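Below is the sequence, then the predicted model.
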Amino acid sequence: QVQLIESGGGLVQAGDSVRLSCAASGQAVVTCTLAWFRQAPGKEREFVAGIIWNGSRTKYLDSVKGRFTISRDLTNNTMYLQMNTLKPEDTAVYYCAADSGYWSNSVTDDEGDYDYWGQGTQVTVSS
């Protein structure tokens, strides 16, 4: 079992930066691929970025490449999403997700492949 708790959302202006955190706990968390998804009002949830268990491989949604950076700290089992040059279209509830492990060497963008989810944190970008 893996528990995920997001933090760091809020209301910002276009062009600002925000860093989201996802505190992960559980016996298998160090073996999991972790990812960020987001869901905007009236839209389906979409993959934003993911990172494998040791942080050596990442994957991004095309529209956030060059603006967002995903990372994870293995010493405290925390994943981060540094979001720069935010745009109003980045407004959404952001969710942290984890697969079931173990030591996958690739990142999937299919939400069905993730077994554990956080409660979400709202990010609102005003124009």
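Received the coordinates, thanks.

What degree of burial does Asp62 show, as a neighbour count?
Asp62 is flanked by 6 other residues according to other Cβ atoms under 10 Å. Where C-beta positions appear, they are placed from N, C-alpha and C, glycine not excepted.

Nearest the middle, which residue of this structure would you pick?
Centroid-nearest residue in the chain, with Cα atoms, centre = their mean: Trp36, separated by 2.0 Å.

Tell me the buried residues in the host helix or strand of it?
Using DSSP states H and E, Trp36 sits within strand 34-39. The neighbour-count check on strand 34-39 (16 or more other Cβ atoms under 10 Å) flags 34-38 as buried.

Return the residues in contact with the residue nearest to the centre of the chain.
By Cβ atoms under 8 Å, 6 or more residues apart in numbering, Trp36 lies in contact with 20, 22, 47-50, 70, 79, 81, 94-97.

neighbouring strands for the strand holding Trp36, and are they parallel or not?
Sheet pairing for strand 34-39, assigned by DSSP bridges, gives strand 46-51 (antiparallel), strand 92-98 (antiparallel).
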